[in-house]
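Visitor: Just to be clear, the model below is a prediction. Sequence and coordinates:
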Amino acid sequence: MSDNSAALADKRQRLLEAGVIMMDPAAVYVEEQVVVGAGTLLLPGTILRGRTVVGENCQIGPQVMLTDCVVGDGCAINASQCEDSTIERGCEIGPYTHIRPHCVVGEGSKLGAFVQVKNCKLGAGTKMAHLTYVGDTDVGDNCNFGCGTVTCNYDGFQKFRSTIGDDVFVGCNTNLVSPVEVGDGAYIAAGTTVTQDVPADALAIGRGRQQVKEGWAARNREKRGRK
């Protein structure tokens, strides 16, 4: 056994003796400076690097890589990557979430499939279920982001920062063109591109008005010789 393999095996053994649970210890990689709390389950494919600290009674994995992160008690992280960020207690992350550097994910938040955040502060209880990118943004407590939400934080020359208040509802397929500020309790309608500040408790709608042309489809088929 190489010196590195022996050190890795020793680290795993010390974690097991301290109350960490591993379904398959050989499938877990934990660097020497990592700290893991008692009662935490490390599933196969878990990679913990740098100065990562994981709290008690978490479930990490399968297929998770954390680098220089702090994870609070009672978190679940599945099939995701996180670098140089803090995930507060009781969060649910993944699958396929990417938390890029300089993020704080507030207590009890949920980030789901194909969500990416970068240089963000997310308040407690905020939810991004899927297909969302939020970068360079401060987000309040108890916000909900519909799928397809994007912060447009780069104009080709520099990055801009936006602020979203507490209890904000962001509809699906929303573009937030930074820098903008969305006030507490505001609603943003699905399909909206936000280019101006939204006051607290307002509804922002920015999309073309729907038109319905009765009988158009039938006439089009007839013109093309189809029933």
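Guide: In hand now; what should we look at?

Visitor: Wait, Val170 touches Cys147, no?
Guide: No. Under the criterion of Cβ atoms under 8 Å, Val170 lies out of contact with Cys147, with a separation of 10.2 Å. C-betas here are computed from N, CA, C, even on glycine.

Visitor: Run through the helices of this protein in chain order.
Guide: Counting by DSSP state H, the segments of the chain that form helices are 3-17, 216-223.

Visitor: and Val170 and Cys147? which has more neighbours close in?
Guide: With neighbours defined as other Cβ atoms under 10 Å, Val170 and Cys147 compare such that Val170 has more, 28 against 18.

Visitor: For the more buried one, give the beta-bridge partners.
Guide: According to DSSP bridges, the residues that bridge with Val170 are Phe145, Ile188.

Visitor: What pLDDT is listed against it?
Guide: pLDDT, Val170: 98.

Visitor: From Val194, how far out is it?
Guide: Between Val170 and Val194 the computed distance is 9 Å (Cβ to Cβ, to the nearest Å).

Visitor: Mutual contacts of these two, please.
Guide: Applying Cβ atoms under 8 Å, 6 or more residues apart in numbering, one finds that Val170 and Val194 are jointly contacted by Leu176, Val182, Ile188.

Visitor: Could you give the number of residues near the nearest residue to Leu15 once chain neighbours are set aside?
Guide: On the basis of Cβ to Cβ, 6 or more residues apart in numbering, the spatially nearest residue to Leu15 that is not a chain neighbour turns out to be Val36, at 5.5 Å. Applying other Cβ under 10 Å, we find 27 other residues in the vicinity of Val36.

Visitor: how far away is Val36 from Thr52?
Guide: Here Val36 is placed at a distance of 8 Å from Thr52 (Cβ to Cβ).

Visitor: Also Pro95?
Guide: Distance, Pro95 to Thr52, by Cβ to Cβ: 19 Å.

Visitor: Which of those two has more residues huddled nearby?
Guide: Ranked by neighbour count (other Cβ under 10 Å), Pro95 and Thr52 place Thr52 first, with 24 against 15.

Visitor: you'd agree that one is up against Cys69?
Guide: Yes. Counting by Cβ under 8 Å, Cys69 is a contact partner of Thr52 at 5.0 Å.

Visitor: mind showing which ranges of this protein have poor pLDDT?
Guide: Counting by pLDDT under 70, the chain contains low-confidence residues at 1-3, 227.
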